[in-house]
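Novice: Please find the sequence and the predicted model below.
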Amino acid sequence: DQNISELDPEIAAVLDGELARQQNTLEMIASENFVPRAVLQAQGSVLTNKYAEGYPGRRYYGGCEQVDIAETIAIDRAKALFGAEHANVQPHSGATANAAVLHALINAGDKILGLDLAHGGHLTHGMRINFSGKLYDVAAYGVDPQTFRVDYDAVRKAALEHRPDVLIGGWSAYPRQLDFAAFREIADEVGAKLWVDMAHFAGLVAAGLHPNPVEHSDVVSSTVHKTIGGPRSGFILSKGEYAKKIDSAVFPGQQGGPLMHVIAAKAVAFKVASTEGFKARQQRTIDGARIIADRLTAPDVAAAGVSVLTGGTDVHLVLVDLRHSTLDGQQAEDLLHSAGVTVNRNAVPFDPRPPRVTSGLRIGTPALATRGFGDAEFTEVADIIATALVEGAAADVDALAARVRKLTEAFPLYPGLQQY
Ligand code: PLP
């Protein structure tokens, strides 16, 4: 029974290298976060050894008495956190949660209507080569070409035209809150079920800083690893009337044995998400995104042809519009990466460049808020990013990297962590 450093030094080196990378750079990918040590402990535990097909008290395997406790706690915490009648905490990921939602609500060939992938929607909301686009008849609504916001009259028009069986609210790249009551009204008008995918903003909802889709929706799906800051995984909330359908769509409809180590880690993350400290962190997350949006709408940035979609943000991310900049999305991502700031390039709606290049950046604040950053640090981060985008190819990367190093050193990540 060897330590990983003896058994597999190549993989041990990856663990070390990745810890150092996370410690020494500014992580600003909007869908990422840093889990607490307690989540690492649950996820790296002997629970990974256990088969537990079925649900607590109704398993197809013996020896589930301990994992039943963990899953029951996770379910109860998820329901309490979001005020839901039913919770399924078994989805391995956001994508499998979404597959189970559609599997539960409709049949192959039925119609779904969601936000266009090119306007900030997600692959699982109907992308052509995703399961959702292959199994279901897909229609999409887009954002308004002037405001870049979801226009509910346009959603209603699309719903009346396409008559979807499921109307989808939710996004991967959109900087504003959604009006769930408006979605509900439109769904009711056309006889559609309403599914909201809150994968990105669930942490803000848990903190009470974003409208809660649960009361308006038939079903709500989410990931646990974005703003919530838990283990990489998904979960589904629903009205009681869908409980049985959702559960059987996840297992046996969609998955086999649940990942009990991850479910235990989800329980830990939900416990953290019910605390005052978590609420304060989500507030710093939103405040940080606003600080970045403010800096990236200043005159020197505008003069460089760089702007912010919708002019600001209500959530944990900012979408930068580079359509009029000398940098494309790929170049901007690479430039920031060379200074130690990790972001992802992202197509903007009506993007003239191909998806592998893009004319945008998605910049998120959850991971840095978890690291402890507040207004002062986000102000410095915002200026580092603004300087890089304004100066472009002429930017002094070494000077920017030195500023990044000062911040990472002042806010050590996982100090003293022994990974093995
Ligand atoms: N739903 C939305 C809105 C997302 O943004 C994502 C992740 O990017 C997912 C679902 C999928 O989650 P996962 O990557 O865990 O499958």
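Specialist: Received the coordinates, thanks.

Novice: Spell out which parts of the stretch 151-300 of the chain neighbour the ligand.
Specialist: Within the stretch 151-300 of the chain, the residues that sit near the ligand (C-beta under 6 Å from any ligand atom) are 170, 171, 172, 197, 199, 200, 223, 234. Quick note: C-beta positions are derived from backbone N, CA and C, even for glycine.

Novice: ok, now which ones touch the closest residue to residue 147 other than its chain neighbours?
Specialist: Excluding the flanking residues, the one nearest residue 147 by C-beta to C-beta, 6 or more residues apart in numbering is residue 310, at 6.8 Å. By C-beta atoms under 8 Å, 6 or more residues apart in numbering, the contact set of residue 310 is 147, 148, 149, 175, 176, 319.

Novice: Swap in 7 Å and give it another go.
Specialist: Counting by C-beta atoms under 7 Å, 6 or more residues apart in numbering, residue 310 makes contact with 147, 148, 149, 175, 176.

Novice: Please apply the same query to residue 3.
Specialist: residue 420.

Novice: Just the closest residue of the stretch 201-350 of the chain to the ligand, please.
Specialist: residue 223 (4.7 Å; C-beta to the nearest ligand atom).

Novice: how near is that residue to residue 172?
Specialist: Separation of residue 223 from residue 172 (C-beta to C-beta, to the nearest Å): 10 Å.

Novice: same question, residue 195
Specialist: Residue 195 sits 15 Å away from residue 172, going by C-beta to C-beta.

Novice: Please apply the same query to residue 21.
Specialist: 23 Å.

Novice: quick one: secondary structure of residue 363?
Specialist: strand (DSSP: H, G, I helix; E, B strand; the rest coil).

Novice: Quick check on residue 223 and residue 172: which one has the bigger neighbour count.
Specialist: residue 223 (25 against 22; other C-beta atoms under 10 Å).

Novice: What residues does the stretch 1-150 of the chain have near the ligand?
Specialist: 31, 93, 94, 95, 98, 122, 124.

Novice: Quick check: closest non-adjacent residue to residue 282.
Specialist: Excluding its sequence neighbours, the residue lying closest to residue 282 (C-beta to C-beta, 6+ apart) is residue 207, at 3.7 Å.

Novice: If I look at that neighbour, what pLDDT would I see?
Specialist: Residue 207 is assigned 98 on the pLDDT scale.

Novice: Which residues are in contact with residue 254?
Specialist: Taking C-beta under 7 Å, 6+ apart, one finds 96, 99, 100, 103 in contact with residue 254.

Novice: most neighbours, which of these?
Specialist: Of the contacts of residue 254, with other C-beta under 10 Å as the count, residue 100 tops at 27 neighbours.

Novice: average pLDDT for the helix or strand harbouring that one?
Specialist: Taking DSSP states H and E as the definition, residue 100 sits inside helix 94-105. The average pLDDT for helix 94-105 rounds to 98.

Novice: same thing with stretch 239-248?
Specialist: Stretch 239-248 shows a mean pLDDT of 98.

Novice: before we move on, what about stretch 166-186?
Specialist: In the prediction, stretch 166-186 has an average pLDDT of 98.

Novice: What residues sit buried inside that stretch?
Specialist: 166-176, 178-180, 182-184, 186 (16 or more other C-beta atoms under 10 Å).

Novice: Show only the entries of these found in helices.
Specialist: 180, 182, 183, 184, 186 (DSSP state H).

Novice: Between those residues, which sits nearest residue 227?
Specialist: residue 180 (17.0 Å; C-beta to C-beta).

Novice: Need the phi and psi values for residue 12.
Specialist: Dihedral angles of residue 12 (phi, psi; degrees, to the nearest 10) stand at phi -60, psi -40.

Novice: Name whatever forms a beta bridge with residue 113.
Specialist: Beta bridges link residue 113 to residue 139, residue 167 when assigned by DSSP bridges.

Novice: Buried residues of the lengthiest helix in the chain, list them for me.
Specialist: For the chain, the helix that runs over the most residues, judged by DSSP H, is helix 276-295. Buried residues in helix 276-295, counted by 16+ other C-beta under 10 Å: 278-279, 281-295.

Novice: Many thanks, we can stop here.
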